[in-house]
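J.: sequence and predicted structure below; questions after.
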4 protein chains.
Amino acid sequence: MQQRDSEAAPPTLGVGMVGYAFMGAAHSQGWRTAGRVFDLPLRPVLAAIAGRDAAAVRAAAGKHGWAAAETDWRALVARDDVQLVDVCTPGDSHAEIAIAALEAGKHVLCEKPLANSVAEAEAMVAAAARARANGQLAMVGFNYRRVPALTYARRLIAEGRIGTLRHVRVTYLQDWLVDPDFPLTWRLEREHAGSGALGDLGAHIVDLAQYLAGEPLVGVSAQLETFVKERPLLQGASAGLTASGGAQRGPVTVDDAAVFTGRLESGALATFEATRMASGRKNALRLEINGELGSLAFDLERLNELSFHDHREPAATAGFRRILVTEAEHPYLEAWWPPGHALGYEHTFAHQARDLVEAIASGTDPVPSFADGLQVQRVLAAVEESAQKNSVYTPVQAVEAVQA
Amino acid sequence: MQQRDSEAAPPTLGVGMVGYAFMGAAHSQGWRTAGRVFDLPLRPVLAAIAGRDAAAVRAAAGKHGWAAAETDWRALVARDDVQLVDVCTPGDSHAEIAIAALEAGKHVLCEKPLANSVAEAEAMVAAAARARANGQLAMVGFNYRRVPALTYARRLIAEGRIGTLRHVRVTYLQDWLVDPDFPLTWRLEREHAGSGALGDLGAHIVDLAQYLAGEPLVGVSAQLETFVKERPLLQGASAGLTASGGAQRGPVTVDDAAVFTGRLESGALATFEATRMASGRKNALRLEINGELGSLAFDLERLNELSFHDHREPAATAGFRRILVTEAEHPYLEAWWPPGHALGYEHTFAHQARDLVEAIASGTDPVPSFADGLQVQRVLAAVEESAQKNSVYTPVQAVEAVQA
Amino acid sequence: MQQRDSEAAPPTLGVGMVGYAFMGAAHSQGWRTAGRVFDLPLRPVLAAIAGRDAAAVRAAAGKHGWAAAETDWRALVARDDVQLVDVCTPGDSHAEIAIAALEAGKHVLCEKPLANSVAEAEAMVAAAARARANGQLAMVGFNYRRVPALTYARRLIAEGRIGTLRHVRVTYLQDWLVDPDFPLTWRLEREHAGSGALGDLGAHIVDLAQYLAGEPLVGVSAQLETFVKERPLLQGASAGLTASGGAQRGPVTVDDAAVFTGRLESGALATFEATRMASGRKNALRLEINGELGSLAFDLERLNELSFHDHREPAATAGFRRILVTEAEHPYLEAWWPPGHALGYEHTFAHQARDLVEAIASGTDPVPSFADGLQVQRVLAAVEESAQKNSVYTPVQAVEAVQA
Amino acid sequence: MQQRDSEAAPPTLGVGMVGYAFMGAAHSQGWRTAGRVFDLPLRPVLAAIAGRDAAAVRAAAGKHGWAAAETDWRALVARDDVQLVDVCTPGDSHAEIAIAALEAGKHVLCEKPLANSVAEAEAMVAAAARARANGQLAMVGFNYRRVPALTYARRLIAEGRIGTLRHVRVTYLQDWLVDPDFPLTWRLEREHAGSGALGDLGAHIVDLAQYLAGEPLVGVSAQLETFVKERPLLQGASAGLTASGGAQRGPVTVDDAAVFTGRLESGALATFEATRMASGRKNALRLEINGELGSLAFDLERLNELSFHDHREPAATAGFRRILVTEAEHPYLEAWWPPGHALGYEHTFAHQARDLVEAIASGTDPVPSFADGLQVQRVLAAVEESAQKNSVYTPVQAVEAVQA
């Protein structure tokens, strides 16, 4: 474990979180843990949580360790003990909450995807730019950048270890919609979720591809599909990704699956597949990047491992190495357990919290920024446009160089 | 090992082979071995081999066990002791040789891809149809259909074990062109090879996808790329996939890589990637097929294994099973070794020989037929057309139902 | 996430922990997290921590979230706000602290191995039995029983899914002593550690083998080895498994590696290997159990996965399944993340905390008990005796049936 | 493919084979293929095969391509057209046939294990020594030394790439005896097979361990077990590893499983497990060798792969590499297919044939020699002695340094 340099307690950072479902639970664990493992310059305090149902939000506050509960997110944003607002709601409310929080002088962490539309995302970027002038920071929660194996993969690529990129291929395969009787939760409704597999899973892999490559996608050619076009209407509340439905059915208004090819700025070819219909694949975010000097491969279902092929090795001893990314030399690992002692999914949220707290303390810009989130949104929009236009190659409007 | 029912020696089938490079060596091993392992109704006799260089073709005949050598393929086709012509030349001569052999009353086995163009393939299909009336049979050599794991995968799909198909994703990754100084062999010249990774590797995965799914692709959206646009001119002869080049460079006229998405007739989404630029991947033909009731996965670098997920299993005990496809119950395996004793790449050629000999003996149509080869050719043509037309979704002209 | 049945805050359970190195950090994370994820009948309160260095223990308390710090474990044991003493010290002090805590009316959780000798372990079992009469509970911290994949493996075995056991093979491979200049930490000194790889790693795999099999080892035949017989004397403090040494060397008084075979009560054969000298293996606790009806396999470096072969499947579709043990149906998983979202090493400590808290609340005996710890100690003693007696098969003195 | 230097046909080497079951089929494929793939100095001719059943041996000759059939092995040994006798019978006849062949002036290849007893093996070594004086050569068929991945592993170890050895662990797991109704074939009868899993599977892994380490085992501590003590008497002939039994049962007189630990001459610790009762494991010869500078791992079920960890790599990029042993630089591979095109089980017999033919042509001693076979036999005898003596560590009588 890291040792504190001094015993003096650091100043605190009051966190207020909006939303408390799956992402809320994960973010709570991140906020609770980050300061216990890393030596942070500011101590995160779980100040308040907001949700519409008074009883449920009080229960969530008690369970997850938040000091107070609010039933109106505006009240949370207005609290003096909240310096950072963490937005964990469905995508349709991201823009409103995040912009209000920034305008109220708060730092903001917003779950991915940044928004449900490019226009919302643009407004958020503008709000973040205005707030930046006042010293407020904004970050979008593409937490997979903080899987140590992927942070390390980015480092290897940035160091030139695999040379000029040729191919990026990424899939994100889940199977929770294979059953045609899984009900119509908000994630299957366009007005709440914006899109389906595309915005939920595709956003992750587009962000990762650009992050790892260190360059943006400049165009895409896409197909979208909704295999199961009607599903049972939801009965009662859905918790996380589980829910039950009734006899009546309603239309699914988002995609079940998205497949697309693309080009990175440097000319590398990229392929993407995001689906909730891949029987037996639970969280198979799999990627491989081939460069002139080597290759990297990763599977989120084995998130402590990174495969690395060094093409400069003699052919007789070359091969993909299974690096256990649990060494003290690896990103974030100096503060965790000895080599070989696995981390899990939730640690990405502790890492995200650490990095954001350090950025706030030092006044530097956190990544991924809202502009990075907008860039992803523009790719998703180009995917939808291409799919509507018979898969024709569709350019992605540039935001700015993706920050690495 | 299979036991012969009778000791009476079966009648013979004289085989004449045109070409003796990599494919010639592999086919030779197949012809030599098939009758020693399987109880065939006709005994293949390695009658004659043809090649342009007299000394080289004599050496090849001696080495691989062919009784005679010819320097003109027309002489081979004319030989009375040849009843089957096996075409192992580069794609630009397939049509001429195969059609001549069929017209000379021979059965024909033609290496994949069937031809370098749709027009040639159509002429070959027509010739095969005419010859069929005389009892001559024609088969195209998509040997990977005879990897036992893939033959068995087809059986499971045909039996409905994975239900309605949702996704087919196939990659074929090699890395022998990563080095920009690898020279310009015939495989990199459009006039000989027709195309690059597309025709060489893409043809395999298109055929496999259609074979396994039991249905054709109806449209594609594609990108092609030649990353290294000039390479050293070849010095001396190339043997198989190895060669050396000089100081002068010439243009590469085929693709290094092809990425495309597609639709199967049933509506399933398919993704394809064929490349010779994937550092560290030697022969990574990897596929996964997701259906409503289960999934299958395969990797040619581990060709004795098939992964199968049964989605009807209780969630707590479900998971991809690694089936070692070496049981007597598996296709072709009744004649080989005990369980767990691996087969290799070359066995696909013995299996192909067995199936073709049995078809000839029984007068039934072998698969894949020339029509199947034409279907693949039309997909490849649609890929090229889509790539030229900004990746727009391009329909594939139907041939007929793919035979399964 | 689990839902609380009621919002009424549960009563608290004051925890006092002795020791705050690697195990202390891991236990702290377990105590902090258990009540935030699981709905516990008692809320664990991190009341106090004890250590000899006043500054260091205060820093540790602040970092890990303990309310108070003590420099004498006796003072901690005497505190009124401590109802449970968690012993995380080196093995040579386990017996003294645990017995004192039990005699002071506290529940006790003691890290593994239970003690450095059978005599100490016997005294601890006796103390636990006396305390049990007063309602105090005692548990030994074999945390790997709480890896969900292993808890689930036990369930499958108990249900008869793999039938009569034939083989148990377990290795626990690490490599942190491969470097001959790694210094002499307390883990390499017999007076503190009791033994080397045997007590540290071997204790885990002996416990797991007996736990999974549901029966004790009745005899062993063993070899022990210390490959590097002298190492640099330690300079400064060691933190966890890292340390640095000086120019002077001293004798290593424990084993680097232990290999042994054994018999389970039912007659199944078992093989064990524990080593700190396996280059490249970081935490490779690998086990396979073969029964008449099936087999199970596991690797701690991939702790979210369990391999299961059902021998009653038809041969053609049988194979080891990779079960991702992340389904709501799997042990402990109902309270964590959606399927496919990996857990890590530290979660075993949260699970251990949950189970112990529930046992305390309900007054039932927790497992593994001190008697289970004594049983392991007797196996380790038999291993040492066999190794001293030229590997002769050495019976293990029975304690009682291992609780499952 | 290798190119012949000259077109002149090489002189021939007449091979006579005794036995034609599983091993006979595998050796036949090796003899048929070796000269077609490798440029051999002598051309193997499949001259004659011997077996007791006249019809069956004639059928086998026809099927496998042997020119003549004999019903008495003595007649085969006496044939002028046979210069090499290949002994593929059960172990109880190895000594008699091999010694007679050597005395008749023939070279001998004898399947493993060399014999059923140390005394027989000693007589064979003596006969080989006498014959050597006349220029006759003798080799024992431990074919797994010729799996390219293992030949290459030996090369890496001999070059010091993994440094001083610490651990050798090898298992050979099969499951064809799990079913208690599998009948009593000759492999389960002590008088024919000598022992069970020990001689069949254990002989392979003892030879491999010594071959790879480049040094002999000096002592062992062992347990043997026969889990199923009676099995149905055999009905009809058994073919290979499949057979069917009747209602009557007889005693199994060999072991089902053998587990043992051992010491190599250098002090490295070794563990071994050979069993036919490991449900789901078909041919799982798995080994791992840990040295001070690195480690190697291998699994016969994935025989084209070798895992190599280089401990001198920086920790952050170190990891076990999956080397596809299919490069032209790898042993035997220069003559086979392009990289990534898998070889199978049977290729070991072609490699064995190549190496023996080259040794005969050059008059050098082939390995493994009969002395190497005797060394293995002595280890097996020590295993049996230790198992009888309560697992006490039992020295292995030295033969001579194992040839590498």
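T.: Everything's here; your move. Fair warning: this is a prediction, and the values are worked out from it, not measured in the lab.

J.: quick one, helices of chain A?
T.: Applying DSSP state H to chain A gives helices spanning A:22-37, A:54-64, A:73-78, A:94-103, A:118-133, A:148-158, A:190-193, A:197, A:203-213, A:347-362, A:370-388.

J.: hang on, residue A:269 packs against residue B:223?
T.: Yes: shown here, residue A:269 and residue B:223 form a contact pair, counting by Cβ atoms under 8 Å, at 6.3 Å. From N, CA and C alone the C-beta is placed, and that goes for glycine too.

J.: what sits in contact with each of the two?
T.: By Cβ atoms under 8 Å, 6 or more residues apart in numbering or on different chains, residue A:269 and residue B:223 have these common neighbours: A:261, A:263, B:259.

J.: the residue in the stretch 51-200 of chain A that chain B sits nearest to: how many residues sit nearby?
T.: Across the stretch 51-200 of chain A, the shortest distance to chain B (Cβ to the nearest Cβ) belongs to residue A:166, at 4.6 Å. Neighbours of residue A:166 under the rule other Cβ atoms under 10 Å in any protein chain shown: 28.

J.: residue A:74 too?
T.: Neighbours of residue A:74 (other Cβ under 10 Å): 14.

J.: just give the closest residue to it, not the sequence neighbours.
T.: If the residues on either side of it in the chain are set aside, residue A:74 comes closest to residue A:100, at 6.9 Å by Cβ to Cβ, 6 or more residues apart in numbering or on different chains.

J.: residue contacts, that neighbour?
T.: Applying Cβ under 8 Å, 6+ apart, the residues near residue A:100 are A:73-74, A:77.

J.: which among the helices of chain A is found nearest to residue B:339?
T.: helix A:148-158 (36.1 Å; Cβ to Cβ).

J.: packing partners of the closest one?
T.: helix A:203-213, strand A:284-291, strand A:294-299, strand A:305-310, helix A:347-362 (3 or more Cβ pairs under 8 Å, 6 or more residues apart in numbering or on different chains; DSSP states H and E).

J.: how about these, which one is nearest residue B:116?
T.: Using Cβ to Cβ, the helices and strands packed on helix A:148-158 put strand A:284-291 closest to residue B:116, at 27.4 Å.

J.: and that closest one, what does it pack onto?
T.: Against strand A:284-291 (3+ Cβ pairs under 8 Å, 6+ apart) you get helix A:148-158, strand A:165-173, helix A:203-213, strand A:294-299.

J.: so which of the shared contacts of residue A:269 and residue B:223 reach chain D?
T.: When these are checked against chain D using Cβ under 8 Å from any Cβ of the partner chain, none falls in range.

J.: got JSON lines for these, with distance to residue A:291, pLDDT and neighbour count too?
T.: What follows is these, written out as JSON lines (distance: Cβ to Cβ, whole Å; pLDDT from 0 to 100; neighbours: other Cβ atoms under 10 Å in any protein chain shown):
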{"residue": "A:261", "distance to residue A:291": "18", "pLDDT": "98", "neighbour count": "28"}
{"residue": "A:263", "distance to residue A:291": "16", "pLDDT": "98", "neighbour count": "20"}
{"residue": "B:259", "distance to residue A:291": "17", "pLDDT": "98", "neighbour count": "28"}
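
J.: can you tell me the closest non-neighbouring residue to residue A:120?
T.: That would be residue A:95: by Cβ to Cβ, 6+ apart, it lies 3.9 Å from residue A:120.

J.: right, I mislabeled it, should have said residue A:53
T.: Closest to residue A:53 by Cβ to Cβ, 6+ apart is residue A:71, at 7.5 Å.

J.: what pLDDT does the model give that neighbour?
T.: As predicted, residue A:71 sits at a pLDDT of 97.

J.: does it touch residue A:57 like I think?
T.: Yes: Residue A:71 is in contact with residue A:57 according to Cβ under 8 Å; the separation is 6.2 Å.

J.: the more surrounded of these two?
T.: residue A:57 (22 against 15).

J.: next up, the contacts around the more buried one.
T.: A:20, A:49-51, A:69-71.

J.: rerun at 7 Å
T.: Residues near residue A:57 by Cβ atoms under 7 Å, 6 or more residues apart in numbering or on different chains: A:20, A:49-51, A:69, A:71.

J.: for residue A:173, same thing?
T.: Here residue A:173 is in contact with A:275, A:278, A:281, A:284 (Cβ under 7 Å, 6+ apart).

J.: what about residue A:90, how many neighbours?
T.: The burial count for residue A:90: 18, using other Cβ under 10 Å.

J.: count the neighbours of the closest residue to it other than its chain neighbours for me.
T.: Nearest non-adjacent residue to residue A:90, counting by Cβ to Cβ, 6+ apart: residue A:192, 4.9 Å away. Per other Cβ under 10 Å, the neighbour tally for residue A:192 reads 17.

J.: next one: the residue nearest to residue A:120, what pLDDT does it get?
T.: Looking at residue A:95, the pLDDT reads 97.

J.: where's it relative to residue A:370, distance?
T.: For residue A:95, the distance to residue A:370 equals 10 Å [Cβ to Cβ, to the nearest Å].

J.: find the residues that touch each one of these two.
T.: residue A:124.

J.: between those two, tell me which one has more neighbours.
T.: The residue with more neighbours, out of residue A:95 and residue A:370, is residue A:370; 31 against 22, by other Cβ under 10 Å.

J.: how about the contacts made by that one?
T.: A:114, A:124-125, A:128, A:138, A:140.

J.: identify, from the shared contacts of residue A:269 and residue B:223, the entry nearest to chain C.
T.: residue A:261 (25.3 Å).

J.: who does that closest one form a beta bridge with?
T.: residue A:221, residue A:271 (DSSP bridges).

J.: mind putting the shared contacts of residue A:269 and residue B:223 into a markdown table with distance to residue D:350?
T.: Shown next, in a markdown table, are the shared contacts of residue A:269 and residue B:223 (distance: Cβ to Cβ, whole Å):
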| residue | distance to residue D:350 |
| --- | --- |
| A:261 | 43 |
| A:263 | 47 |
| B:259 | 39 |
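
J.: so how far is residue C:341 from the residue nearest to residue A:26 when sequence neighbours are not counted?
T.: Nearest residue to residue A:26, sequence neighbours excluded (Cβ to Cβ, 6+ apart): residue A:349, at 5.1 Å. In this view, residue A:349 and residue C:341 are 11 Å apart by Cβ to Cβ.

J.: thought residue A:229 was touching residue A:250?
T.: No: look at residue A:229 against residue A:250 with Cβ atoms under 7 Å: they stay out of range, at 10.2 Å.

J.: of those two, who's got more company?
T.: residue A:250 (15 against 11).

J.: which bits of the stretch 251-400 of chain A sit near chain B?
T.: Contacts of the stretch 251-400 of chain A with chain B, taken as Cβ under 7 Å from any Cβ of the partner chain, map to A:257, A:259, A:261, A:269, A:271, A:273, A:275, A:277-280, A:290-292, A:294-295, A:309, A:311, A:318, A:320, A:390-393.
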